[in-house]
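Enquirer: need a 3D model of the following:
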Amino acid sequence: MQQSAVHIDDYILSERLMAGDPGAREMIYDHYGPALYTIILQVIADNEKAENALAQVFVYIFNDAVAYRDSGDITLFGWMRRVARQMALKLAVGELEDNGTMVSNGSLLFRFTTGLPEGIQTVFRLCYYKGLSREAVARMLGLHPEEVASQLREAMVAFRKFLNN
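Expert: Numbering: from 1, shown residues only. Below you'll find the predicted structure:
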């Protein structure tokens, strides 16, 4: 017998998550973990550090699920994607702080972002700071989603180089 994919409404899933339901946590981890890990790997190229970041993302998601309801995000995955991107950026910059390279997360990210070419900077800000999907950014800017994806790849390559300098 073939099993069909289980779909559960974001509202119901988020309510179960806020109630601390272990089944909801397991479902979210199993269903969204690989996608969130891929998002983190775009920022943190090291597998072990990316796995640690993913663990921190899920700790945040599981402990602060009420933040989803308050975020204004339409989908649960959209919120989790934004959390993963922001956590990955924060952790990547935080590593530098631990090494004494920079004192303020904001100033380092600001310096990186302002050093990007204008078009890439706009795409980066909309995707990583605002948490918008590539498709939404493409519609906003009148670009093809592939162009947005390409610009994000360029930004991530530049970010890794920036962190290594």
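
Enquirer: the bottom helix or strand of the chain by mean pLDDT?
Expert: One helix or strand of the chain scores below all others by mean pLDDT, DSSP states H and E: helix 105-114, with a mean of 73.

Enquirer: centre of the chain versus that helix, how much separation?
Expert: How far helix 105-114 lies from its chain's middle: 17 Å, per Cα atoms, centre = their mean, to the nearest Å.

Enquirer: for the protein, what spans make up the helices?
Expert: For the chain, the helices defined by DSSP state H occupy 10-18, 22-41, 47-63, 66-71, 76-98, 105-114, 118-124, 134-141, 145-164.

Enquirer: hmm, back to that, which strands or helices does the least confident helix or strand of the chain pack on?
Expert: helix 76-98, helix 118-124, helix 145-164 (3 or more Cβ pairs under 8 Å, 6 or more residues apart in numbering; DSSP states H and E). In short, each C-beta sits where N, CA and C put it, glycine included.

Enquirer: which of those helices is buried the deepest?
Expert: Highest mean neighbour count of these: helix 76-98, a mean of 19 (counted as mean count of other Cβ atoms under 10 Å).

Enquirer: could you list the low-pLDDT ranges of the chain?
Expert: 1-7, 73, 94-107 (pLDDT under 70).

Enquirer: which parts of it belong to which domain?
Expert: As given by automatic domain parsing, the domain ranges for the chain are 9-101, 103-165.

Enquirer: now the helices and strands packed on helix 105-114 in TSV, with distance to Tyr29?
Expert: Output for the helices and strands packed on helix 105-114, formatted as TSV (distance: least, Cβ to Cβ, whole Å):
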stretch	distance to Tyr29
helix 76-98	11
helix 118-124	28
helix 145-164	25
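
Enquirer: how about these, which one is nearest Met18?
Expert: helix 76-98 (11.4 Å; Cβ to Cβ).

Enquirer: give me the angle between the closest one and helix 10-18.
Expert: Orientation of helix 76-98 against helix 10-18 (axes from the mean of the first three to the mean of the last three Cα atoms, to 10 degrees) gives an angle of 50 degrees.
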